[in-house]
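> Based on what follows, work out the 3D shape:
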Amino acid sequence: MKQENSDPIQVIIADDHVLFRAGVKTALSSKKDVKFIAEADNGMHLLTLLKAVVPDVILLDIEMPIMTGINVLPEIKKLYPNVKIIMLTMLNDHSMVTQLMELGANSYLTKDSDSEVIYEAIKTCVEQEYFFNDITNKALLTNLKEKHNVVPQHLAAAEVVLNEKETTILRLMCEEKSTKEIADIVDLSPRTVESIRDKLKVKTGAKSTAGLIMYAVKHKIIEEM
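Numbering: from 1, shown residues only. Coordinates of the predicted model:
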């Protein structure tokens, strides 16, 4: 945790829109206790940057090419657990907020947030670990209400049907194959494999790769290998 009157909070912004990155950096340029040390345009680029420099806070866009914010979030939290991550998005999506917070996000802001709100979120996440706002509070409250139901609505839906490609990719994930290895095996691009993995999460209701593997075990998909 940063101490007051110490070095500036070091921040990396990851977003595939150059103008948005520039706008945030310019808006916060007057804040002497915040310093932008790097920027990335996708999740893979961000992981490469983190090998050279580890910030205090990452402003992370959810939708990016090659590797999305959703996919890179758990990887960062596993490798750099002390880094605070503030998710940025155009959408005020309660279900998405809950999923991201469960994956380790420290806050969730819409991209139209005032620069003072972004600044407050950065400061608060460093000092108190989490920054809660109306979006996060409503999402977490909704999630708590849903958990009181015996069968959550998304689990009460009809049986999930996976196509052959989805089943193959899920099996390979259970074998701990990397995205590149899976892409080579099924003759698809790594980006397409990531997209199919995201669709698998939506279809099965899993919130992480671990959740997908649990789904595969429960539904005996890996026993067919």
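> okay, now residue 64: neighbour count?
Per other CB atoms under 10 Å, the neighbour tally for residue 64 reads 23. Yep, even glycine has a C-beta here, placed from its N, CA and C like the rest.
> ok, now how distant is the residue lying closest to residue 32 once chain neighbours are set aside from residue 60?
Ranked by CB to CB, 6 or more residues apart in numbering and with sequence neighbours excluded, the top spatial neighbour of residue 32 is residue 8, at 6.7 Å. Residue 8 sits at a distance of 19 Å from residue 60 (criterion: CB to CB, to the nearest Å).
> of the two, who's got more company?
Comparing residue 8 with residue 60 by other CB under 10 Å, the one with more neighbours is residue 60, at 26 against 14.
> where in this structure is pLDDT low?
Scanning the chain for pLDDT under 70 picks out the ranges 1-5, 93-94, 140-159, 208-210, 222-225.
> Outline the domain layout of it.
The record's domain split for the chain, according to automatic domain parsing, is 9-147, 164-224.
> How far off centre is stretch 181-197?
Distance of stretch 181-197 from the chain centroid (CA atoms, centre = their mean, to the nearest Å) equals 19 Å.
> can you list contacts of that stretch?
Residues from elsewhere that reach stretch 181-197 (CB atoms under 8 Å, 6 or more residues apart in numbering): 65-68, 71, 165-166, 168-169, 172-173, 177, 179-180, 209, 212.
> circling back: hey, which of the domains of the chain is tucked in deepest?
domain 9-147 (a mean of 18; mean count of other CB atoms under 10 Å).
> about what we covered before: between the contacts of stretch 181-197, which sits nearest residue 134?
residue 68 (24.5 Å; CB to CB).
> do you know how far the residue most central in space within the chain is from residue 27?
For the chain, residue 70 is the residue whose C-alpha lies nearest the centre (CA atoms, centre = their mean; 2.8 Å). Applying CB to CB, the value for residue 70 to residue 27 is 25 Å.
> And for residue 179?
With CB to CB as the criterion, residue 179 and residue 27 are 35 Å apart.
> residue ranges of the helices in the protein, please?
In the chain, the segments counted as helices under DSSP state H are 18-27, 43-50, 69-79, 94-103, 115-128, 134-147, 164-174, 179-186, 190-204, 209-218.
> got JSON lines for those helices, with distance to residue 86 too?
Below are the helices of the chain laid out as JSON lines (distance: least, CB to CB, whole Å):
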{"stretch": "helix 18-27", "distance to residue 86": "11"}
{"stretch": "helix 43-50", "distance to residue 86": "13"}
{"stretch": "helix 69-79", "distance to residue 86": "10"}
{"stretch": "helix 94-103", "distance to residue 86": "10"}
{"stretch": "helix 115-128", "distance to residue 86": "5"}
{"stretch": "helix 134-147", "distance to residue 86": "11"}
{"stretch": "helix 164-174", "distance to residue 86": "28"}
{"stretch": "helix 179-186", "distance to residue 86": "25"}
{"stretch": "helix 190-204", "distance to residue 86": "21"}
{"stretch": "helix 209-218", "distance to residue 86": "22"}
